[in-house]
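Participant: using only what follows, build the 3D model:
(one chain, ligands or ions: 1)
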Amino acid sequence: MHILVTNDDGVDAPGLLALDQALRTVADTTLFAPSRNWSASGHVKTMHKPLRVGETRLADGTVALMTSGAPSDCVALAFLGMVEQPIDMVVSGINQGANLGHDVTYSGTVTAAMEGAIAGVPAIAVSLTSREATDFSFAARVAAQLAQAVAENGLPPQTLLNVDVPAVPEEEIAGLMVTRMGLRIYYDELIRRVDPRGRPYYWIGGPEPGGVLEEGTDLWAVAHNYVSVTPLQLDLTAHELIAQVKGWGLRK
Ligand code: MN
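Facilitator: Numbers count the residues shown, from 1 in each chain. The predicted model follows:
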């Protein structure tokens, strides 16, 4: 098995190295990550500027490809021929910070995995639910176990797994729960400031997001110290709405 390993925190992020080291126990890996942090960049396809690709070495000496593009660009470039060895799976992470509920639509970590699903291979996104945590060892072992399970069982086309590991000591982990996407609640605030030339500028600020703690969701699982594994699909169709919208009597 040959796994393409990427992330959205950038090629120097410690979670990428931890993930790659764990995955190397179950597969061959190729690292291909963005040269800078692309957190919350969404699903990007860079089309209006060139993409640079270079080589770097991680802290343990492992060679990695890096690009000026986004996480999803890394995956696209790899499948378009920048990586010669056929790719069987994409694993993205380990992200520093949760990707729960609607976060998946903002997440560079998850959209890199989505790009893998679009390319036709199984994909896994892995996040540790703290921006400050530095011990990725448990999350990395979870990722390796899941990669092996996906290799053995497969995933249907156009699907992926979104995994969130609570940032608590391993002995406090309650178990692993297969979940559905929950509802995030964002507390974003508009921050207005004035630049040195007197012109206003803005930040989207505010406290960390919360969420609806409904049982069975990713948010509930992580709040109760379970590793959350959410199967996602690229088909975003609201199937139950098709009949209703047809009933509007729209004409050309
Ligand atoms: Mn990130």
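Participant: in this protein, where's the longest helix?
Facilitator: Longest helix of the chain, by residue count under DSSP state H: helix 137-153.
Participant: sort out which residues of the next helix or strand after that helix are buried, please.
Facilitator: Next helix or strand after helix 137-153 toward the C-terminus (DSSP states H and E): strand 159-165. Across strand 159-165, burial judged by 16 or more other C-beta atoms under 10 Å covers 159-165. Backbone N, C-alpha and C define where each C-beta goes, glycine included.
Participant: contacts only, for Leu176.
Facilitator: 142, 226-227, 229 (C-beta atoms under 8 Å, 6 or more residues apart in numbering).
Participant: ok, His43 next?
Facilitator: By C-beta under 8 Å, 6+ apart, the neighbours of His43 are 72, 111, 114-115.
Participant: kindly report the same for Thr230.
Facilitator: 161-164, 178-181, 218 are the contacts of Thr230 under C-beta under 8 Å, 6+ apart.
Participant: switch the cut-off to 6 Å
Facilitator: Contacts of Thr230 were listed using C-beta atoms under 6 Å, 6 or more residues apart in numbering, and they are 162, 179, 181, 218.
Participant: any idea which element whatever residue of the stretch 101-250 of the chain ends up closest to the ion lies in?
Facilitator: For the stretch 101-250 of the chain, the residue closest to the ion is Thr109, as judged by C-beta to the ion, at 5.6 Å. Under the criterion of DSSP H and E, Thr109 resides in helix 108-119.
Participant: so which elements touch that helix?
Facilitator: helix 71-77, strand 89-96, strand 123-128, strand 159-165 (3 or more C-beta pairs under 6 Å, 6 or more residues apart in numbering; DSSP states H and E).
Participant: could those go into a markdown table alongside mean pLDDT?
Facilitator: Listed next are the helices and strands packed on helix 108-119 as a markdown table, based on pLDDT from 0 to 100:
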| stretch | mean pLDDT |
| --- | --- |
| helix 71-77 | 98 |
| strand 89-96 | 98 |
| strand 123-128 | 98 |
| strand 159-165 | 98 |
